[in-house]
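J.: Predicted coordinates and the sequence they were generated for:
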Amino acid sequence: MHALVVEQLRKVYRSGFEALKGVDLTVEEGDFFALLGPNGAGKSTLIGIVTSLVNKTSGRVAVFGHDLDTEPEAVKASLGVVPQEFNFNLFLPVAEVVINQAGYFGIPRQEARERAEFYLRKLDLWGRRRSEMRLLSGGMKRRLMIARALVHRPRLLILDEPTAGVDIEIRRAMWDYLRELNAEGTTIILTTHYLEEAESLCRNIAMIDQGRIAAVAETQTLLAGLDTETFVLNLTAPLSAPPALPGFALTLLDATTLEAQLERGQSLNRLFAALGDAGIAVQSMRNKQNRLEQLFLEMVERGRGGTAARAA
Amino acid sequence: MSARPVPDLERWYRYWITFSTLLQKEVLRFSRIWVQTILPSAITTLLYFVIFGRLIGERIGPMDGFAYMDFIVPGLALMAVITNAYSNVVSSFYSSKFSRYVEELLVSPAPPWVILAGYVAGGAARGVTVGIVVMLVAMLFTDVSPHSWVVTFSVFVLTAVLFALGGFINAVFANSFDDISIVPTFVLAPLTYLGGVFYSIELLPELWQWVSLLNPVLYMVNAFRYGVLGTTDIPLVMAFVIIVAFIGALGAVSLRLLERGVGIKQ
């Protein structure tokens, strides 16, 4: 079953800015799906329309077979949303925020309290249940937004930049919890600027740019389509100039750091063999760029007809 | 034979829970800050009674056959109802817009009329609570006790609902905290003070009596005065019809604004 179907979705703001130019998108039930794109690409507008926070100009949205225009209550009951920006009453205690949200979804008070306790414990906020919102750290507020979005047990969870401004440790813990939710059957769509996040979590990815879907594919398929990959090699001994190895583009960043750009099909073994033949020993190696980030830049460049590359 | 539609009781139960959650939230909100929300009206009324009732009132003499202080009790109580019902909804809904936590409701399956009902009930609850407090203060200074409990309470509630709706519309269009004080200052206060709170319109020249009849607050004050004192400048039925008509009109406008997401959706 399709968790989300978006057809020919357009949004023109009152200013005349066309944020979405006929977006088509399908997300399957149980998927862990990433929506990627630069700032202003239309990600938040798309999520805003699906979650009823933004009015669409035209097009169709359906969630688990329910049309947003004709069955808005069924659509909203299936959705949980974690917005990009904090949207709390800062003077309410933490537990009350979650209990009230359950009430808005028609969950009786006693059950709402039990669910609030469950999710606040799960997200390590139970100890702060009586604190006012304004006294929480940024990371706690992010986790609270997840607890609030889950309290009615949605089948589709949409997260707009869920880990923005969250430290590494909490981010990893949030990832683990999202994986757990997905394994339990919750379909998850997230937007993120941490492309490592999408690469690590998501099975499928849609790239959106300038209000249009630039690509939709499995994460692994997209990654396999990378034309080049750049590695940074730390050498055991200093060099005065980059070695001339036929077939490899090498740049010396400093005396002991070499950058190697490999084309698709070139193997690392061949590079290491060539370096060994030249008497150069490698101590360690890392990917220079997040692979998804590189892919994204390539796709955007292709989508815009290579203008970015020419401009550079 | 087609199946008879079964009322969706579960859905209505959900609506009830949403409504009661909103009402409870609003009541808790104004109760927690009672020094800002309930006490000021009691103190203001106390001052009105001391100055207009005791000090000046004794020189004014009776009005419509009642001591001046007794005459102004219903108007003062209703003034408190109007101000508090209005300001509760305008400040609560505008804050939810400003801090964007109105989105908690917009993403929920609650239909717009339930959301509106919750906010209006919250505002009406504050209006009625403060009105009762003012009446209790009034009873310390006067021998007033309601002539008709039914009329007194129904005007209390209907007026609170009407001005809670007014506060909601103000909040929808407000773009700053300044905007939520403009209407109370430049519209609500003149309407209230010129609505026969402190005088009988029979004291006015004929032209101004006609002008006063255009003021909806006049009907509420007089209906309430009937409930408390048993006297009114306006026929009671006409007063109720006009109050209910205003509630219908403002309710329809509020609902339309909420359905379209004016001021809260892009």
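T.: Happy to help now that I have it. Treat the numbers as computed from the prediction; the structure is a model and nothing was measured.

J.: show me where the stretch 151-300 of chain A has helices.
T.: A:168-183, A:195-201, A:219-224, A:268-277, A:291-303 (DSSP state H, counting those that start in this stretch).

J.: Show me what from the stretch 51-200 of chain B comes close to chain A.
T.: Contact residues (CB under 8 Å from any CB of the partner chain) of the stretch 51-200 of chain B with chain A: B:95-96, B:99-101, B:103-111. Where you see a C-beta, it was placed from the backbone N, CA and C, and this is true even at glycine.

J.: In helices only, show me those residues.
T.: Among those, the members falling in helices (DSSP state H) are B:95-96, B:103-106.

J.: closest to A:Gly127 among those?
T.: Closest approach between these and A:Gly127, by CB to CB: B:Glu104, at 23.1 Å.

J.: close enough to count as contact, that closest one and A:Tyr104?
T.: Yes - at 6.2 Å, B:Glu104 and A:Tyr104 qualify as touching, with contact defined as CB atoms under 8 Å.

J.: Of the two, which one has the most company?
T.: A:Tyr104 (27 against 21; other CB atoms under 10 Å in any protein chain shown).

J.: before we move on, back to that, would JSON lines of the residues of the stretch 51-200 of chain B next to chain A with distance to A:Val5 be doable?
T.: Below are these laid out as JSON lines (distance: CB to CB, whole Å):
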{"residue": "B:Ser95", "distance to A:Val5": "36"}
{"residue": "B:Ser96", "distance to A:Val5": "31"}
{"residue": "B:Ser99", "distance to A:Val5": "33"}
{"residue": "B:Arg100", "distance to A:Val5": "28"}
{"residue": "B:Tyr101", "distance to A:Val5": "29"}
{"residue": "B:Glu103", "distance to A:Val5": "23"}
{"residue": "B:Glu104", "distance to A:Val5": "26"}
{"residue": "B:Leu105", "distance to A:Val5": "25"}
{"residue": "B:Leu106", "distance to A:Val5": "21"}
{"residue": "B:Val107", "distance to A:Val5": "19"}
{"residue": "B:Ser108", "distance to A:Val5": "22"}
{"residue": "B:Pro109", "distance to A:Val5": "19"}
{"residue": "B:Ala110", "distance to A:Val5": "24"}
{"residue": "B:Pro111", "distance to A:Val5": "23"}
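
J.: Run a quick neighbour tally on B:Val187.
T.: 12.

J.: I should have written A:Val166 there, sorry.
T.: By other CB under 10 Å, 21 other residues sit near A:Val166.

J.: That one and chain B, how far apart?
T.: Distance, A:Val166 to chain B, using CB to the nearest CB, to the nearest Å: 20 Å.

J.: ok, for that residue, nearest residue in space, not its chain neighbours?
T.: Spatial nearest neighbour of A:Val166, excluding adjacent residues (CB to CB, 6 or more residues apart in numbering or on different chains): A:Gly139 at 4.8 Å.

J.: SS state for A:Glu117?
T.: On the three-state scheme (DSSP: H, G, I helix; E, B strand; the rest coil), A:Glu117 is labelled helix.

J.: can you give me the mean pLDDT across the helix or strand hosting B:Ile247?
T.: Element membership of B:Ile247, judged by DSSP states H and E, is helix B:236-260. Helix B:236-260 shows a mean pLDDT of 94 in the predicted model.

J.: before we move on, back to that, may I see the buried residues of the helix or strand harbouring the residue nearest to A:Val166?
T.: Element membership for A:Gly139, per DSSP H and E: helix A:138-150. Neighbour-count burial for helix A:138-150, counted by 16 or more other CB atoms under 10 Å in any protein chain shown, picks out A:139-150.

J.: how about the helices in the stretch 1-150 of chain A?
T.: Secondary structure of the stretch 1-150 of chain A by DSSP H, counting those that start in this stretch: the helices cover A:43-50, A:72-78, A:94-104, A:109-122, A:138-150.

J.: Turn those helices into TSV, columns for distance to B:Val157 and mean pLDDT.
T.: Formatted as TSV, the helices of the stretch 1-150 of chain A follow (distance: least, CB to CB, whole Å; pLDDT from 0 to 100):
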stretch	distance to B:Val157	mean pLDDT
helix A:43-50	38	94
helix A:72-78	29	95
helix A:94-104	24	96
helix A:109-122	25	96
helix A:138-150	33	92
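
J.: Between the ones you listed, which one is closest to A:His2.
T.: Closest approach to A:His2 among the helices of the stretch 1-150 of chain A is made by helix A:72-78 (11.9 Å; CB to CB).

J.: what's the closest one packed up against?
T.: Secondary-structure packing of helix A:72-78 (3 or more CB pairs under 8 Å, 6 or more residues apart in numbering or on different chains; DSSP states H and E): strand A:58-63, strand A:66-67.

J.: ends of stretch A:196-208, how far apart?
T.: In stretch A:196-208, first residue to last residue: 17 Å (CA to CA, to the nearest Å).

J.: can I assume A:Val6 is in contact with A:Leu25?
T.: Yes - contact between A:Val6 and A:Leu25 holds when scored by CB under 8 Å: they sit 4.3 Å apart.

J.: who's more crowded, those two?
T.: Neighbours per residue (other CB under 10 Å) separate A:Val6 from A:Leu25, with A:Val6 holding more: 24 against 19.
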